[in-house]
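Participant: Can you look at this prediction? I've put the sequence above it.
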Amino acid sequence: MIKILKLLFMIIFRSIKITIFISKTILSFIPSLLAKILKKFGKRFKFSITFKITVIYALIFSILIFLLSTGILIGFRRFLINQASNNVEKNNQIISTYIHEKSELPKNIIDEIVKSDDIC
């Protein structure tokens, strides 16, 4: 049992060591890659007005699409949460009214609400 634990510990330790090595390698490569990309874009930005305009319009369009999709997502999320809350309140009122009138648990009405709202 101890040998298995040692072996497992060594495997985990080596995998962490390899992951750290790969991360360091990738992180050391990224700055040089970014420098090369910026150098290429820098040459384009110095000479070509059409490239500048294209990049600026693409950036503006991308930002607008991102904001629009985020707004739609947040609005739809609020709508769904509001609808769920309204359904729970409606069902709560129906059941509590029936309990106050009959003073017993209405299992058949609860089953009907569950079937009609597809709660299962």
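Facilitator: Ah, there it is.

Participant: How much space separates residue 71 from residue 78?
Facilitator: Per Cβ to Cβ, to the nearest Å, residue 71 is found 11 Å from residue 78. (Each C-beta comes from the backbone N, C-alpha and C, glycine too.)

Participant: So for the two, which residues contact both of them?
Facilitator: Shared contacts of residue 71 and residue 78 (Cβ atoms under 8 Å, 6 or more residues apart in numbering): none.

Participant: give me the number of residues near residue 98?
Facilitator: When neighbours are counted by other Cβ atoms under 10 Å, residue 98 registers 15.

Participant: let's number from 762 now, not from 1
Facilitator: With the count now opening at 762, the last piece we talked about shows up as residue 859.

Participant: Mind splitting this structure into its structural domains?
Facilitator: 762-808, 809-881 (automatic domain parsing).

Participant: is it possible to export those to TSV including mean pLDDT?
Facilitator: Output for the domains of the chain, formatted as TSV (pLDDT from 0 to 100):
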stretch	mean pLDDT
domain 762-808	79
domain 809-881	83
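
Participant: can you give me phi and psi for residue 809?
Facilitator: When read as degrees, to the nearest 10, the backbone of residue 809 gives phi -110, psi 110.

Participant: gap between stretch 871-878 and the chain center?
Facilitator: 32 Å (Cα atoms, centre = their mean, to the nearest Å).

Participant: Actually, stretch 802-809.
Facilitator: Stretch 802-809 sits 36 Å away from the centroid of its parent chain (Cα atoms, centre = their mean).
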